[in-house]
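Asker: What follows is a predicted protein model with its sequence.
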Amino acid sequence: MHSGGDSEAVVNDGREVSARREEWNSTTGWKTKYVLGPDADKLPSMTTIDTGDGDWSVGSEVIVNGQPYIVRAFERIEQE
């Protein structure tokens, strides 16, 4: 939960969070920037999933490996 003007996130139940951030490099492909949290090794990687043709816009729910995820950030990179 986050209210508009606050800069602090409010944690409702105190559980830990796991996250993975990967960035695309046109020469080398997907590169992991960081992996955090107790279950981070269980999170899917862009190197191993099929992104399909779903709606990968911020706030959308996508299904990855049978599990629902909310897209928090995504950047479309135009190919030259």
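Answerer: Thanks, I have it.
Asker: any low-confidence regions in the protein?
Answerer: Along the chain, segments meeting pLDDT under 70 span 1-12, 14, 52-53, 76-80.
Asker: now the strands: where do they sit in it?
Answerer: Assigned strands in the chain, in chain order: 19-25, 29-36, 61-64, 67-70 (criterion: DSSP state E).
Asker: For Leu43, find the nearest of those strands.
Answerer: Minimum separation from Leu43 across these (Cβ to Cβ) falls at strand 19-25, 4.6 Å. C-beta here means a position set from N, CA and C on the backbone, and glycine is covered the same way.
Asker: Can I get the strands of the chain in JSON lines including mean neighbour count and distance to Asp50?
Answerer: Shown next, in JSON lines, are those (neighbours: other Cβ atoms under 10 Å; distance: least, Cβ to Cβ, whole Å):
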{"stretch": "strand 19-25", "mean neighbour count": "13", "distance to Asp50": "15"}
{"stretch": "strand 29-36", "mean neighbour count": "11", "distance to Asp50": "13"}
{"stretch": "strand 61-64", "mean neighbour count": "14", "distance to Asp50": "9"}
{"stretch": "strand 67-70", "mean neighbour count": "10", "distance to Asp50": "14"}
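Asker: for these, which one sits closest to Gly54?
Answerer: When these are ranked by distance to Gly54, counting by Cβ to Cβ, first place goes to strand 61-64 at 5.0 Å.
Asker: Done for today, thanks.
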